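Undergrad: following is a predicted model, sequence given first.
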Amino acid sequence: MNTPQSVNIVMIEDDEGHARLIEKNIRRAGVTNEIKHFTDGTSALAFLYDAEDGPAKNGPALVLLDLNLPDMSGTDILTRMKSDGPLKRTPVVVLTTTDDKVEIQRCYDLGANVYITKPVNYDSFAQAIRQLGLFLSVIQVPDPELEG
Amino acid sequence: MVTFSERFFGRFVVSAIAAGFVLILLAAGAGAFVFMRTQENADLIAHTLEVEGAVADIRTLTERVEVARRGYLIQPDSRFTTTFEENARLLPDAIARAGMLTSDNPEQRPRVEELKRLSAQQVQILRQSIADRDGADPTAVAERFMNDLSPTAIRTIRDITEAMANEEETLLAERSATQRRDLAISYAVLGLAGAILFVVAGGTIYVVRRNTIELAASRNRLRLMNEDLESMVQERTADLQRANDEIQRFAYIVSHDLRSPLVNVMGFTSELDAATRPLSEMMDRAEAEAPGLVSEDARLAVREDLPEAIGFIRSSTQKMDRLINAILRLSREGRRVITPERLDMNQMLRGIVDSLQHRLVEGGTEITLGPLPTVTSDRVAMEQIFSNLVENAVKYLKPGRPGRITVRGKRQGDRVVFEVQDNGRGIDPKDHERVFDLFRRSGMQDQPGEGIGLAHVRALAYRLGGIIGCESTLDHGATFRLSMPVELNA
């Protein structure tokens, strides 16, 4: 059984405000895992695959992914993670403003585990994030496939 | 210019063909004339020859009679008298025949009469001399023979017959000359007709050919223009499609990018709101426990300014959120795939009216649905158009006047015109276009709404190949008229 503390939460979200609100509301749900925040895709990928304390080399992780990033689309990261390699079983929660049906389908096709649309209404947003936090506190996360 | 030359061409061809026919008739007439003349001439030649034959007969018979008499005078033998009588008997017949043949010729008639007389006289003399030979002495006979009038008569007969023959020859020559002249004239006419026909035919062929070439050229030009036009239309359509796609994408991106900061504004507003609660509790405690610490400013800030500011921020962001959602909906509607199907508009409108039943009964509003034509179009779009129009009609009735709403439809060629008419408060004519703009409204702002409905309706109508307009005067109701194709080609 995984200890919750061992799971890193990697949040890839270009909007500082959103990131702050998400973090606050996850914490309010009682989730105490470490949350690593990246505002662009490049540094996020670098952390996911190459960092010493990153998930590919060091322990299980859960990714909160926004699709609108300044340097690439969130789906690029999703594709890279889910195609093959050490992170293909790492849960990815797509958390974005887009509620376009096609986009949602595409993300699930690419292997997203959960797709959540950020509600614009703050109360719903806060509630959704809190529920996500509750969800995160109970789900099981597999270990990454360590290379070599 | 084109019309003129075409008219000229038409007239020319018709008159040329008519002239051609006239000329052919003329040629036929000339031919017939020549043929008749030839026929006539042949008859005349035959007649002349016959006359000549008759005259020759007279001469032969006269000579034979003479020869027979002489023979008898030399050697009185009954064979001579037989020959004499035979030929003498034939002579009057021959003369009569010649007379009959030349009865139409005044020149010949006296000659024939003369001939008849002379011939009779001659035969008489000869018969006398034969009779004399029978009874008298040869010397007297010889004398009588030398003295009688027979040779003179014969000479005269010869002259006359010659004259007759000559007369006929002359006539024949005259007639031949006339015929040759006629023939020449006919040939000239024929030749002229042929020449004119040739010219007319040549001209007609030239003009027809030129016209045909022009026609082919203009047809080619037309085809080229058509193709140009088609490619132009295609190009324009592609341009429009591109522009439209761009607008859709723009609307989509804008609405998304606007949403993100809005989440922050609303989120942190909520945080602020949440933060005022402990502040306000602290203020309560401070007021209760140490009123000296509470300044009027701080009290006002916590009790009034902060909640008020938060309230305005909230309501504004909520409104902004609704507007962004409206743009998003329009953009999404624009990208939705249109699927035309046969739509029973009567049934659709009944459904829309049923869904509004509660409000209709409440306001005492009556809706009359005329018989509506069936169309082939997109169901969702049509439903949205009509529910928007009918809802608007119900929504903007004149207070205190029972609502009367009529939905009509009729077919006009390959289009259908629908009308939604109400007796409500109407729209100021200066706002007739404005009401179709996004976020624009008209008249008293006493009803909830963002000014999206009609913009949406117009966008949908355009997508279905239709147009929508409004006719109204203030206070006298409004009529919204939608014209769209009966059959939508997807």
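TA: Arrived safely, thanks for sending.
Undergrad: for the helix or strand hosting A:Tyr115, enumerate the helices and strands it packs against.
TA: Applying DSSP states H and E as the criterion places A:Tyr115 in strand A:114-117. On a contact count with 3 or more CB pairs under 8 Å, 6 or more residues apart in numbering or on different chains; DSSP states H and E, strand A:114-117 meets strand A:92-96, helix A:101-110, helix A:122-138. C-beta coordinates here come from the backbone N, C-alpha and C atoms, glycine included.
Undergrad: go with 10 Å
TA: In terms of contacts (3 or more CB pairs under 10 Å, 6 or more residues apart in numbering or on different chains; DSSP states H and E), strand A:114-117 is packed against strand A:61-65, strand A:92-96, helix A:101-110, helix A:122-138.
Undergrad: list the contacts for residue 91?
TA: If you meant another chain, say so; for now it's chain A. The contact partners of A:Pro91, taken as CB atoms under 10 Å, 6 or more residues apart in numbering or on different chains, are A:7, A:60-64, A:112-114, A:136, A:139-142.
Undergrad: let me rephrase: I mean chain B.
TA: Contacts of B:Leu91 by CB under 10 Å, 6+ apart are B:57-58, B:60-62, B:64-65, B:115-116, B:119-120, B:122-123.
Undergrad: redo that, cut-off 7 Å
TA: Counting by CB atoms under 7 Å, 6 or more residues apart in numbering or on different chains, B:Leu91 touches B:61-62, B:65, B:119, B:123.
Undergrad: tell me the spacing between it and B:Val51.
TA: Distance from B:Leu91 to B:Val51, counting by CB to CB, to the nearest Å: 17 Å.
Undergrad: for the chain, name the helix or strand with the lowest mean pLDDT.
TA: Going with chain A. Across the helices and strands of chain A, mean pLDDT, DSSP states H and E gives its lowest value to helix A:122-138, namely a mean of 79.
Undergrad: the chain in question should be chain B.
TA: For chain B, counting by mean pLDDT, DSSP H and E, that's helix B:138-147 with a mean of 67.
Undergrad: on that earlier part again, would CSV of the helices and strands packed on strand A:114-117 with mean neighbour count be doable?
TA: Written out in CSV, the entries for the helices and strands packed on strand A:114-117 read as follows (neighbours: other CB atoms under 10 Å in any protein chain shown):
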stretch, mean neighbour count
strand A:61-65, 24
strand A:92-96, 23
helix A:101-110, 14
helix A:122-138, 17
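Undergrad: which one of those lies closest to chain B?
TA: helix A:122-138 (3.9 Å; CB to the nearest CB).
Undergrad: check which helices and strands the closest one sits against.
TA: helix A:16-28, helix B:150-289 (3 or more CB pairs under 7 Å, 6 or more residues apart in numbering or on different chains; DSSP states H and E).
Undergrad: Serialize those to JSON lines and add fields for mean neighbour count and distance to B:Leu464.
TA: Listed next are the helices and strands packed on helix A:122-138 as JSON lines, based on neighbours: other CB atoms under 10 Å in any protein chain shown; distance: least, CB to CB, whole Å:
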{"stretch": "helix A:16-28", "mean neighbour count": "18", "distance to B:Leu464": "39"}
{"stretch": "helix B:150-289", "mean neighbour count": "14", "distance to B:Leu464": "14"}
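Undergrad: least reliable of those by average pLDDT, please.
TA: Among these, helix B:150-289 carries the lowest mean pLDDT, at a mean of 83.
Undergrad: okay, the angle between that one and strand A:92-96?
TA: 100 degrees (axes from the mean of the first three to the mean of the last three CA atoms, to 10 degrees).
Undergrad: list of residues touching stretch B:205-218?
TA: B:9, B:12-13.
Undergrad: got the angle for the helix or strand harbouring B:Gln128 vs helix B:150-289?
TA: Under the criterion of DSSP H and E, B:Gln128 resides in helix B:108-135. Helix B:108-135 runs at 150 degrees relative to helix B:150-289, counting by the same axes, to 10 degrees.
Undergrad: coming back round to it: which residues are in contact with the strand holding A:Tyr115?
TA: Strand A:114-117 is contacted from outside by A:93-99, A:104, A:107-108, A:128, A:132, using CB under 7 Å, 6+ apart.
Undergrad: pick out the residue nearest the middle of chain A.
TA: Centroid-nearest residue in chain A, with CA atoms, centre = their mean: A:Leu64, separated by 1.6 Å.
Undergrad: contacting residues for that residue?
TA: The contact partners of A:Leu64, taken as CB under 7 Å, 6+ apart, are A:9, A:11-13, A:22, A:93, A:95.
Undergrad: close to chain A, is the helix or strand hosting B:Asp321?
TA: Counting by DSSP H and E, the element that carries B:Asp321 is helix B:306-335. Yes - counting by CB under 7 Å from any CB of the partner chain, chain A has neighbours in helix B:306-335: B:Asp321.
Undergrad: just checking, what packs against that helix?
TA: Packing partners of helix B:306-335 (3+ CB pairs under 7 Å, 6+ apart): helix B:150-289, helix B:453-463.
Undergrad: and that helix, how far out from the chain middle?
TA: 62 Å (CA atoms, centre = their mean, to the nearest Å).
Undergrad: picking up where we left off before, turn the helices and strands packed on helix B:306-335 into TSV, columns for distance to B:Met100.
TA: Converted to TSV, the helices and strands packed on helix B:306-335 look like this (distance: least, CB to CB, whole Å):
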stretch	distance to B:Met100
helix B:150-289	13
helix B:453-463	108
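Undergrad: where does the stretch 351-490 of chain B dip in pLDDT?
TA: Across the stretch 351-490 of chain B, the ranges flagged by pLDDT under 70 are B:490.
Undergrad: re earlier: near chain B, from the contacts of A:Leu64?
TA: Of the contacts of A:Leu64, not one also sits near chain B (CB under 7 Å from any CB).
Undergrad: among the contacts of B:Leu91, which ones are buried?
TA: Among these, those classed as buried by 16 or more other CB atoms under 10 Å in any protein chain shown are B:61-62, B:65, B:119, B:123.
Undergrad: just the element for A:Ile9, please.
TA: According to DSSP H and E, A:Ile9 maps onto strand A:8-12.
Undergrad: tell me what that strand is packed against?
TA: Under the contact criterion of 3+ CB pairs under 7 Å, 6+ apart, strand A:8-12 touches strand A:35-38, helix A:41-50, strand A:61-65.
Undergrad: nearest to B:Gly363, of these?
TA: Closest to B:Gly363 of the helices and strands packed on strand A:8-12 is strand A:61-65 (CB to CB; 50.4 Å).
Undergrad: for the helix or strand just after the closest one, the averaged confidence score.
TA: Sequence-wise, the next helix or strand downstream of strand A:61-65 (DSSP H and E) is helix A:74-83. In this model, helix A:74-83 has an average pLDDT of 90.
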